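**Student:** Show me the folded form of this:
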Amino acid sequence: MKKNILVIIAIIIIIIGVLEKMQRKNNIKKKSSGMCTIQHSVVNSDTSDFFATAIETSKKYQSAYKSPERIVLENRVAVVTCMDSRINIPNILGLPLEKMLIIRNAGGRVTDDVLRSLTISHKLLGVEQIFLIQHTDCGLQKITNDVMNNLLEESIFKAELIQNCNITLEPLQNNRMCQWRNNSQCCGYHQERKKINWLPIEEGLFESVFTDVQKIRNHPLIPSNVPVYCFIFEVTTGELIQVPKAMEAGRAKSIICT
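**Tutor:** Residues are numbered from 1 along each chain as shown. Sure, this is the predicted structure:
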């Protein structure tokens with residue numbers, strides 16, 4: 001009798017677990033099908049104040065525009081850095097914008113597309129020196145792949161940072177110490193999110209820069225006689241900090257072709 005009761009309890013527990021799993025799947029399907037209870041406002045070209053200003057400004061720019069004959073890279077420099085607007089490369093390096101190439105993405109990480117751009121920069125535009133500059137207080141030090149995926153599973157709309165971390169270079173904090181909160185519980189869960197590596201910086205900037213310079217240095221289409229200079233920009237002080245281990249890895253080496 002006692003054994004039968006235990007079996008019945010076990011069956012009930014299994015059934016409850018199955019029902020809960022089905023409910024979670026149903027909630028996900030509702031999110032993925034766009035069944036939102038909140039209607040988000042939209043801005044288009046006919047309602048955007050900035051769009052109108054940009055068009056008007058472009059007309060003024062065009063009236064005084066003088067087309068350069070070609071791209072002239074006097075210093076033959078390409079810079080890989082973050083899309084963060086605090087990283088003002090012309091001011092940091094003392095080069096006019098038109099005299100260098102700047103390749104930006106989230107975190108200034110060396111991705112396949114960055115390698116594609118660097119290869120073209122060297123082969124077709126004559127770039128002979130590369131600067132790799134990442135920075136403190138970077139958003140990629142405030143997420144993990146799981147954190148980003150979980151936020152997207154709940155909502156594809158904007159999230160808010162409610163607890164900050166990794167603001168300065170040291171001490172290094174766990175990325176999970178940063179806390180994010182979605183401003184909407186609507187329209188989440190996209191299968192594609194699982195396929196994306198968001199390239200979080202979890203081992204610190206010194207390691208991140210070192211990892212990325214190795215990708216450049218080991219790429220077969222970027223010659224070893226092109227030096228890669230490696231830095232961290234400290235956004236609170238404006239200091240450009242060399243990364244010794246990465247600088248050594250990025251040193252140019254002569255090529256002997258046979």
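**Student:** Can you give me the buried ones in the strand or helix carrying Ile162?
**Tutor:** Assigned by DSSP states H and E, Ile162 belongs to strand 159-163. For strand 159-163, burial by neighbour count (16 or more other Cβ atoms under 10 Å) applies to Ala159. The way it works is simple: take the backbone N, C-alpha and C, and place the C-beta from them, glycine included.
**Student:** Now for Gln185, how many residues are close by?
**Tutor:** 13 (other Cβ atoms under 10 Å).
**Student:** did I read that right, it in a helix?
**Tutor:** No: Gln185 is assigned coil when assessed by DSSP: H, G, I helix; E, B strand; the rest coil, not a helix.
**Student:** and Val235, what does it touch?
**Tutor:** 84, 86-87, 135-137 (Cβ atoms under 8 Å, 6 or more residues apart in numbering).
**Student:** Kindly recompute the last result at 7 Å.
**Tutor:** Contact analysis of Val235 by Cβ atoms under 7 Å, 6 or more residues apart in numbering lists 86, 135-137.
**Student:** got it, and Thr168?
**Tutor:** 136, 236.
**Student:** ok, 6 Å please
**Tutor:** Thr136 (Cβ atoms under 6 Å, 6 or more residues apart in numbering).
**Student:** From Thr236, how far off is it?
**Tutor:** Using Cβ to Cβ, to the nearest Å, Thr168 is found at 7 Å from Thr236.
**Student:** do Ala52 as well
**Tutor:** From Ala52 across to Thr236, the span is 36 Å (Cβ to Cβ).
**Student:** just the strands in the stretch 101-250 of the chain please.
**Tutor:** 101-105, 129-135, 159-163, 179-182, 228-233, 240-242 (DSSP state E, counting those that start in this stretch).
**Student:** I'd like those strands as JSON lines, with distance to Ile256 appended.
**Tutor:** Output for these, formatted as JSON lines (distance: least, Cβ to Cβ, whole Å):
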{"stretch": "strand 101-105", "distance to Ile256": "28"}
{"stretch": "strand 129-135", "distance to Ile256": "21"}
{"stretch": "strand 159-163", "distance to Ile256": "51"}
{"stretch": "strand 179-182", "distance to Ile256": "51"}
{"stretch": "strand 228-233", "distance to Ile256": "20"}
{"stretch": "strand 240-242", "distance to Ile256": "29"}
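**Student:** Pull the number of nearby residues for Asn149.
**Tutor:** By the criterion of other Cβ under 10 Å, Asn149 has 17 neighbours.
**Student:** Please apply the same query to Phe51.
**Tutor:** Phe51 has 13 neighbours, counted by other Cβ under 10 Å.
**Student:** if you skip the residues just before and after it, what's nearest to it?
**Tutor:** By the measure of Cβ to Cβ, 6 or more residues apart in numbering, the closest residue to Phe51 outside its immediate chain neighbours is Ser45, 4.9 Å from it.
**Student:** for the stretch 151-258 of the chain, what spans make up the helices?
**Tutor:** Shown for the stretch 151-258 of the chain, the helices assigned by DSSP state H, counting those that start in this stretch span residues 205-217, 244-249.
**Student:** Could you point out which residue ranges in the chain have low pLDDT?
**Tutor:** 1-10, 12-13, 16-40, 190-193 (pLDDT under 70).
**Student:** So for this protein, the centremost residue is which one?
**Tutor:** Centroid-nearest residue in the chain: Ala106, 2.4 Å away (criterion: Cα atoms, centre = their mean).
**Student:** Correct me if wrong: Arg76 contacts Val127.
**Tutor:** Yes: here Arg76 reaches Val127: they are 5.4 Å apart, a contact under Cβ atoms under 6 Å.
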